[in-house]
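> predicted structure and sequence below. I'll ask about it afterward.
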Amino acid sequence: MKHYTLVSFIALTAAVVSILPLQCMAEPGAAQSAFIEVTANNTGDSADSPEARTELLIPGAPAPASTESDPVQPPAPASTEPAPAQPSAPASTESDPAQSPAMAPTDPDPTQSSPAAQAEPAPAQPARIWIGQDRAAYDAGSNTYYIPCGDLAEGVYISVPEGWDCRIEILDAEDGTGEYSYRLYQTRDTEHRWSDLVLTRLPVIGIRTGNSELPGNSELPGNSGLPEETDLPSEICIYEPGLHGRTLVYNTWANLRLRGNTSRRYPKQSYRMELTDAFGNQSKMSVCGLRVDDDWILNPMYSDTSKIRETMSYWLWEQMNRSGSCAASSDLVYAEILFNDTYYGLYGVQERIDRKQVSADKKIGILYKIDSNEKPAVQELLDGPEGENCHGIELEYSGKRVEQPWVPAAAYLSYLEGDGMPDGVRLSEENLIDYGLWAMLVQAKDCHFKNQFLHCVWDGGQYTIYKIPWDLNHTFGDLWNGNFGTENFLEYKVSDFALDDCFAKELEANDPAFLQKVQERWNALREGPVQEESLIAAAGELFAYLYPSIVRDSMRWPGSGTGEGNAANIRDIEDYIHQILLRMDQWVSTLQQ
């Protein structure tokens, strides 16, 4: 799995008031809380202007509790109804270009506070917290700020108004995450403010749409009912954990659009985020350590209660792919996202598979995306379909000198129909074996024909086709249970092997030379990256790292399948790895018998 390193810091000029970390761990069921009294440096200027701030260090948090085999069971699932739309932030933020209006929190309705907060007098407004020159990401419904922290043992710096006395309460680890949460109190004379704080290891992204709604189905809470292909201009604030308690903050604009097929049934939906400047022109930047680009996918991972299946599947493809950039798939990093001052939980920020990702030749390269199991007729492709989509096969890219971009796709379908591969087009045998074994290993039931990209590379007077996997939530034993609905409809099962259509066709031909290559490749993988102990360790490490965010996500979306009837814990994935390796070892050993 890819990691990224953040090396620059936000420059803050305010005075620093440090709070020493408390090295304490809550015992299960114990009622512990600790207060730290802090008096901010008062310069005599009591205004809450950006020029009058003091920096505080929020103390480090303990490590997460053990994530044994029990499913994630939040103590009291939160409502899936988002908080009511709040009034717009004061227009005064527009006069300061350094301050992002994207996540400036509005004054919440005190009645919308979290259960933990109801023990306190309802504040007239939440505590005021900045990260650098930007308001921290804020959930109005629970009066909670979400703050990225690269090292929870080290803590993180925030900025608060000067002239206010600050007190931090360290709360019990009662939310199931195994980590402490915090409450910040701010007082000045008779004025009183407070808010809860969540420190997360992950980046945080705050998105505010122009109409304070999201695109898509109006029957789902928070959605506008606008046509699903509508682009909603949005303001984006990205908070990334840095080093030594610092946070990197980036501001930009974007057009937000609903995406996905089956996932549109879910209340937590998938979006495409195309970055722009303030005038709507294309703009590029790196997001969460990924490549510099303007086009991103916000993957909700709603159906996967473990939240690690796609990452594990992409990582395994990266390990098994011998074709390099010709068959490079997507990169995914995790972030916690808030839309319009409402916490929406854990998302995967993904790169799109496009010309740049696979290094397609700008002159003669071709890239297709297959997003349906419906197959067009070969002749229909040879005749040259109108537009860039033909029955689920999309022409993602065609080089400037390509005159007949649909010919390789027609040859591919001709091969699958048993008519052979025409001259001028061939499948990469090495890539086909890698893809076939990978699909079997991760049980990619939804990727045997659709959910693939085909990269056509001109080489030696012909096109060579490379297969690339995509949309990998239905892997590692997560299977459709036969019912559709707005809630999760998957269940855990180690089923029959997932055979790619092309790989199955080559196996049926029973060519001894091909079968020997499959055996040799599998044996090499078993001596390398595909070992039970290392795979289980990688899955466990990732799950433990994400566990607090997984719990918060399941509290926000209790219908995502947490509980019985679904793969809601790491033990299911461990069991899957053990079983599939035994079965594949046995299968490979009998290939030439």
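Nice, I can see it.
> what pLDDT does the model give the closest residue to H244 other than its chain neighbours?
Nearest residue to H244 in three dimensions, chain neighbours excluded: E154, at 6.9 Å (CB to CB, 6 or more residues apart in numbering). C-beta here means a position set from N, CA and C on the backbone, and glycine is covered the same way. pLDDT, E154: 85.
> just the CA trace of the helix or strand where I468 lies, in CSV.
I468 is part of strand 462-469 when elements are defined by DSSP states H and E. What follows is strand 462-469, C-alpha atoms only, in CSV (Å, rounded to 0.1, in the frame of the first residue of the first chain):
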residue,chain,number,x,y,z
GLN,A,462,0.3,-4.4,-33.7
TYR,A,463,-1.8,-3.4,-30.6
THR,A,464,-1.1,-5.4,-27.4
ILE,A,465,-4.0,-5.3,-25.0
TYR,A,466,-3.4,-5.0,-21.2
LYS,A,467,-6.2,-5.7,-18.7
ILE,A,468,-6.5,-3.4,-15.7
PRO,A,469,-8.8,-4.0,-12.7
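> and the helices in this protein, which stretches?
309-320, 355-358, 378-382, 407-416, 429-442, 501-509, 512-527, 532-556, 570-589 (DSSP state H).
> closest one to E388 among those?
helix 407-416 (11.6 Å; CB to CB).
> how far off helix 501-509 does that closest one point, in degrees?
If you take axes from the mean of the first three to the mean of the last three CA atoms, to 10 degrees, helix 407-416 sits at 40 degrees to helix 501-509.
> what is the neighbour count of the closest residue to G424 other than its chain neighbours?
Leaving aside its sequence neighbours, G424 sits nearest to Q462 (CB to CB, 6+ apart; 4.9 Å). Q462 has 16 neighbours, counted by other CB atoms under 10 Å.
> quick check, Q462 in contact with L427.
No: applying CB atoms under 8 Å as the test, Q462 and L427 come out as separate, 11.1 Å apart.
> sorry, back to before: and of the helices of the chain, who's closest to Q282?
Here helix 355-358 is closest among the helices of the chain (CB to CB), at 13.9 Å.
> can you tell me what sits against that closest one?
291, 293, 325-330, 351, 362, 365, 367, 396-397, 453, 455, 466, 468 (CB atoms under 8 Å, 6 or more residues apart in numbering).
> run the last query once more with 7 Å
S325, C326, A328, E351, G365, L367, Y397, H455, I468 (CB atoms under 7 Å, 6 or more residues apart in numbering).
> what is the nearest of the residues you listed to N373?
Distances from N373 to the contacts of helix 355-358, taken by CB to CB, are shortest for I468, at 17.2 Å.
> any low-confidence regions in this structure?
Low-confidence segments of the chain (pLDDT under 70): 1-51, 60-124, 172-178, 216-229, 260-264, 480-492, 561-569.
> domain map for it?
As assigned by automatic domain parsing, the chain contains the domains 16-82+92-195, 205-351, 359-589.
> which stretch among those is buried most, on average?
domain 205-351 (a mean of 20; mean count of other CB atoms under 10 Å).
> show me how far that domain is from its chain's centre.
7 Å (CA atoms, centre = their mean, to the nearest Å).
> what of stretch 350-358?
16 Å.
> in the chain, which residue is closest to the centre?
G348 (0.6 Å; CA atoms, centre = their mean).
> which non-adjacent residue is nearest that residue?
Going by CB to CB, 6+ apart, G348 has N299 as its nearest residue, at 3.8 Å.
> you'd agree that neighbour is up against K268?
No: with contact defined as CB atoms under 7 Å, N299 does not reach K268; the gap is 10.4 Å.
> residues shared between the contacts of the two?
Contacts common to N299 and K268, judged by CB under 7 Å, 6+ apart, are absent.
> top strand in the chain by residue count?
Secondary structure of the chain per DSSP state E: the longest strand is strand 247-259.
> tell me the helices and strands packed up against that strand.
Using 3 or more CB pairs under 7 Å, 6 or more residues apart in numbering; DSSP states H and E, the elements in contact with strand 247-259 are strand 232-241, strand 270-276.
> helices or strands up against the last one?
The reference is to strand 270-276. Going by 3+ CB pairs under 7 Å, 6+ apart, strand 270-276 lies up against strand 247-259, strand 295-299.
> if I look at W296, how far off is C502?
30 Å (CB to CB, to the nearest Å).
> residues touching the closest residue in space to F339 that isn't next to it in sequence, list them.
The shortest distance from F339 to any non-neighbouring residue, by CB to CB, 6+ apart, is to I207 (5.1 Å). I207 makes contacts with S234, I236, L256, I337, F339, as judged by CB under 7 Å, 6+ apart.
> now with 8 Å?
A102, S234, E235, I236, A254, L256, M273, I337, L338, F339, N340.
> so which of those residues comes closest to D575?
Nearest to D575, judged by CB to CB, of those is I337 at 30.8 Å.
> export the helices of the chain to CSV and tack on distance to I147?
Shown next, in CSV, are those (distance: least, CB to CB, whole Å):
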stretch, distance to I147
helix 309-320, 23
helix 355-358, 32
helix 378-382, 52
helix 407-416, 48
helix 429-442, 35
helix 501-509, 47
helix 512-527, 41
helix 532-556, 13
helix 570-589, 27
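> closest one to I170 among these?
Using CB to CB, the helices of the chain put helix 532-556 closest to I170, at 15.3 Å.
> picking that back up, from A278, how far out is the residue nearest to G424?
Counting by CB to CB, the gap from Q462 to A278 is 47 Å.
> then P422?
In terms of CB to CB, P422 sits 51 Å off from A278.
> likewise E55?
29 Å.
> any idea how far stretch 387-400 is from the middle of the chain?
27 Å.
> ok, back up a step: any idea how far the residue nearest to G348 is from Q282?
22 Å.
> kindly report the same for I205.
Taking CB to CB, one finds I205 at 19 Å from Q282.
> out of the helices of the chain, which is closest to H192?
Using CB to CB, the helices of the chain put helix 532-556 closest to H192, at 27.0 Å.
> now the angle from the closest one to helix 570-589?
140 degrees.
> could you list every helix and strand in contact with helix 532-556?
strand 191-200, helix 309-320, strand 332-339, strand 342-351, helix 570-589 (3 or more CB pairs under 8 Å, 6 or more residues apart in numbering; DSSP states H and E).
> recalculate using a threshold of 6 Å.
If you count contacts as 3 or more CB pairs under 6 Å, 6 or more residues apart in numbering; DSSP states H and E, helix 532-556 packs onto strand 342-351, helix 570-589.
> quick one: which of the contacts of helix 355-358 is nearest to F497?
Distances from F497 to those, taken by CB to CB, are shortest for I468, at 20.3 Å.
> still on that earlier bit, beta partners for the residue nearest to F339?
I236, F339 (DSSP bridges).
> any idea how far E574 lies from L546?
E574 is 16 Å from L546, by CB to CB.
> same check on V349?
14 Å.
> quick check: neighbours shared by those two?
Taking CB atoms under 6 Å, 6 or more residues apart in numbering as the contact criterion, V349 and L546 have no common neighbours.
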